[in-house]
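Participant: from the sequence below, what's the structure:
(chains A and B)
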Protein chains: 2
Amino acid sequence: MVTMRDVAERANVSIATVSFVVNGSKRVSPETRARIEAAIQELNYRRNVVARALASSRTRILALLHPDLESRPNATVIQFVMGAAHGARERGYDLVLWPVNDDEQMSHLLAGGLVDGVLLMEVRIRDPRVERLLASGVPFALIGRTEKDDLPYVDIDFATTIERAVAHLRSFGHERIALVTQRTKAQAGHEPGRITRVESAYLDAIAPLGAPPAIVAVEGTSAGGREAASVLGADFPGSTAVILVNEGASAGLVKGSRALGRRVPEDLSIISAATTRELGEMIEPALTVMVAPAPELGRLAADALIDQLEGVQDAPPHVLIPCALEPGQSVGPAPTG
Amino acid sequence: MVTMRDVAERANVSIATVSFVVNGSKRVSPETRARIEAAIQELNYRRNVVARALASSRTRILALLHPDLESRPNATVIQFVMGAAHGARERGYDLVLWPVNDDEQMSHLLAGGLVDGVLLMEVRIRDPRVERLLASGVPFALIGRTEKDDLPYVDIDFATTIERAVAHLRSFGHERIALVTQRTKAQAGHEPGRITRVESAYLDAIAPLGAPPAIVAVEGTSAGGREAASVLGADFPGSTAVILVNEGASAGLVKGSRALGRRVPEDLSIISAATTRELGEMIEPALTVMVAPAPELGRLAADALIDQLEGVQDAPPHVLIPCALEPGQSVGPAPTG
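Facilitator: A predicted model of the protein is given here:
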């Protein structure tokens, strides 16, 4: 096996200098560094990953299991991913994107010895992947929650978020408030946990208003948003405001409402929750948004996992952060009469 | 060191069965698999990454060096990332996201022995990271191009894309066509290669029209788009059409133009190039877009790198794919008079 000494000899520097470069622990002149990197490459020196794995049975690699983002890029999901990658790097870990999460791939991941731990996104109420992780004994943390609350997780605090959205709309006189959420192909009980939690938070928050609930679930696309506008018009014509937890449908909801003669915000007020400010600003009128704390939660998820790996914490970490309200032009006084 | 035999004994199965699970080479019943995974975890068995690295000096891990996506999530960039992650997985490699690309971090990556090769995004015309990679001898492939054309790369074919955008606008009678691109803080010569290539493709494509060029560079935000609308109105009032290569500014450009009394497409036609269809549909009116082949290029970049690593190809791969036109409602006949 090639040693650090071999690299030092080839590059004609001290072993300490090689160590500075390999561990990033001290600045070295660009020329010297280039010589060391070239020697490392020529000799195929593979210190860290191999030495670490042999010495400690650790690779310092984390895997992020994620849904198929390629076909459905979503501003907020990306912020979770990047937040987790940053969080891992800051603590000296690397984050591997693991795009396929069928059963075979999961087996390969859990058995392959590549990763020290797993971050799981788009967690479902009853999630077979969580069962697999529990059975395998590989440490993990969830971005989102199953029906059980005793696993390590970070999540958006949907209860507080929806409560604040309702309070904001009530301060403008709205009493009939609808919820537009995301339709899922999953069978009952396997839908993403956030959908279940958003719906129950909504029911709690509107209960004092005494009005019947109005919940519409559509695809997270512009077409889905237009569908929501037409369902709202047909089935819930009395609703004067909408809380949207489906950022992909936001533009379609505004366009579709306008096409049906309902102006935003004169006839219909809209709050888009769990999204980004920039996405809200793209729409005309600029949407009042509740910004998802996605970069922070991504980081905290990486932290929660690394804390477990390093034995820093005993109790499983549970982190909940609500979305922050940023007023735009899509909320106005409830129409009278 | 723990061997596959130890795992087989602990799980009370044959070594062959352990191998099936570890290598994903054959289906094994869920119960047996769970038992093997548990044994692997209890014994801390780390076969693949360590054994591979020792046997072949390879880790089968690729790093993707990317810009700070967290603060600027961009639908198209994400598709590149996910395409690369998929492409790597399909060939049995893992893709590590490497979010920080300052000099120290780069050193740590190149010297650490974690990765077999590197994918580089947001490549600049003169890119010090490329020089570092060349000096280190670590195999790499670029998503984008430097001023040199002899390195392995995949890229959008901007020449063909812009040529087709101009042809489409000319078919509607437009002769004064402006370009809105992205402002960069980089010093001259270090701007992203795509900006330079888009500008030169634009100059070539409008040359036959005989009209003076009109190029505006703004930030990739809604505010940037509004700024572009006002600069176009003030400095290039004769332009009747815009080719936009700055998806983040698209909504702002439409809103800003409307605010200045220029309707889209009656007064101003817009084509948004190198973006996604979904983003174009969010805007009112839905934009005519030229869709970036980002998922394909991401995959092809991973392929190009893996081909090098596996010695499949001798010549450095050069892949160029143009964006595909998808008409929306933002292009109309040139206003007369």
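Participant: mean confidence (pLDDT) on stretch A:27-44, please.
Facilitator: Mean pLDDT, stretch A:27-44: 81.
Participant: please spell out which residues along stretch A:3-15 are buried.
Facilitator: In terms of neighbour count (16 or more other C-beta atoms under 10 Å in any protein chain shown), stretch A:3-15 has its buried residues at A:Met4, A:Asp6, A:Val7, A:Ala8, A:Arg10, A:Ala11, A:Val13. Any C-beta I mention is one placed from the backbone N, CA and C, and that applies to glycine too.
Participant: so which of those are in helices?
Facilitator: A:Met4, A:Asp6, A:Val7, A:Ala8, A:Arg10, A:Ala11 (DSSP state H).
Participant: turn those into JSON lines, columns for distance to chain B.
Facilitator: Below are these laid out as JSON lines (distance: C-beta to the nearest C-beta, whole Å):
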{"residue": "A:Met4", "distance to chain B": "10"}
{"residue": "A:Asp6", "distance to chain B": "13"}
{"residue": "A:Val7", "distance to chain B": "9"}
{"residue": "A:Ala8", "distance to chain B": "12"}
{"residue": "A:Arg10", "distance to chain B": "12"}
{"residue": "A:Ala11", "distance to chain B": "11"}
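Participant: where's the dip in pLDDT among the residues you listed?
Facilitator: Scanning these for pLDDT, the low point is A:Met4. It has 79.
Participant: contact partners for that residue?
Facilitator: Listed by C-beta atoms under 8 Å, 6 or more residues apart in numbering or on different chains, the contact set of A:Met4 reads A:Ile15, A:Val18, A:Ser19, A:Val22, A:Tyr45, A:Arg47.
Participant: stretch A:175-191 and chain B, are they touching?
Facilitator: No. Stretch A:175-191 does not reach chain B (C-beta under 8 Å from any C-beta of the partner chain); its nearest approach is 14.9 Å.
Participant: what does the stretch 151-300 of chain A have sitting close to chain B?
Facilitator: Contact residues, the stretch 151-300 of chain A versus chain B (C-beta under 8 Å from any C-beta): A:221-222, A:248, A:250-252, A:254-255, A:276, A:278, A:281-284, A:295.
Participant: nearest residue to A:Glu247 in space, please, no chain neighbours.
Facilitator: With sequence-adjacent residues excluded and distances taken as C-beta to C-beta, 6 or more residues apart in numbering or on different chains, A:Glu247 is closest to A:Thr275, at 3.9 Å.
Participant: near that neighbour, how many other residues are there?
Facilitator: Counted with other C-beta atoms under 10 Å in any protein chain shown, residues neighbouring A:Thr275 total 26.
Participant: from what I see, it and A:Gln79 are in contact.
Facilitator: No. Using C-beta atoms under 8 Å, A:Thr275 is not in contact with A:Gln79, being 10.2 Å away.
Participant: please identify every residue contacting each of the two.
Facilitator: Common contact partners of A:Thr275 and A:Gln79 (C-beta under 8 Å, 6+ apart): A:Ala292.
Participant: need the helices for the stretch 1-150 of chain A, in chain order.
Facilitator: Taking DSSP state H, counting those that start in this stretch as the criterion, the stretch 1-150 of chain A carries its helices at A:4-11, A:15-23, A:30-43, A:48-56, A:75-90, A:103-112, A:128-136.
Participant: residues contacting A:Asp94?
Facilitator: Listed by C-beta under 8 Å, 6+ apart, the contact set of A:Asp94 reads A:Arg60, A:Ile61, A:Leu62, A:Ala88, B:Val96, B:Trp98, B:Leu114.
Participant: out of those, flag the one nearest to B:Cys323.
Facilitator: Using C-beta to C-beta, B:Trp98 is the member of these that lies nearest B:Cys323, at 27.2 Å.
Participant: wait, which of the contacts of A:Asp94 is closest to B:Ile195?
Facilitator: B:Trp98 (23.3 Å).
Participant: next, count neighbours for the residue nearest to the closest one when sequence neighbours are not counted.
Facilitator: The shortest distance from B:Trp98 to any non-neighbouring residue, by C-beta to C-beta, 6+ apart, is to B:Ala63 (4.6 Å). Each residue near B:Ala63 was counted by other C-beta under 10 Å, and the total is 24.
Participant: for stretch A:130-147, how far is the first residue from the last?
Facilitator: In stretch A:130-147, first residue to last residue: 11 Å (C-alpha to C-alpha, to the nearest Å).
Participant: that stretch near chain B anywhere?
Facilitator: Yes. Counting by C-beta under 8 Å from any C-beta, chain B is contacted by stretch A:130-147 at A:Arg132, A:Ala135, A:Ser136, A:Gly137, A:Val138.
Participant: excluding its backbone neighbours, what's nearest the second one?
Facilitator: The spatial neighbour of A:Ala135 that comes closest, neighbours along the chain excluded (C-beta to C-beta, 6+ apart), is B:Ala34 at 4.5 Å.
Participant: what's the distance between that neighbour and B:Val21?
Facilitator: The spacing between B:Ala34 and B:Val21, counted by C-beta to C-beta, to the nearest Å, is 10 Å.
Participant: neighbour-wise, which of these two wins?
Facilitator: More crowded of B:Ala34 and B:Val21, by other C-beta under 10 Å: B:Val21, with 27 against 20.
Participant: isn't the more buried one up against A:Gly113?
Facilitator: No. Using C-beta under 8 Å as the test, B:Val21 is too far from A:Gly113 to be in contact (11.8 Å).
Participant: of all the helices of the stretch 1-150 of chain A, which one comes closest to B:Val154?
Facilitator: Closest approach to B:Val154 among these (C-beta to C-beta): helix A:75-90, 21.1 Å.
Participant: so the closest one, near chain B or not?
Facilitator: Yes. Using C-beta under 8 Å from any C-beta, we find that helix A:75-90 touches chain B at A:Ala75, A:Ile78, A:Gln79, A:Val81, A:Met82, A:Gly83, A:Ala85, A:His86, A:Arg89.
Participant: how close does A:Leu142 sit to A:Gly220?
Facilitator: Per C-beta to C-beta, A:Leu142 is found 21 Å from A:Gly220.
Participant: higher neighbour count, these two?
Facilitator: Comparing A:Leu142 with A:Gly220 by other C-beta under 10 Å, the one with more neighbours is A:Leu142, at 26 against 20.
Participant: got the end-to-end distance for stretch A:312-329?
Facilitator: Chord length of stretch A:312-329, first to last residue, is 46 Å (C-alpha to C-alpha).
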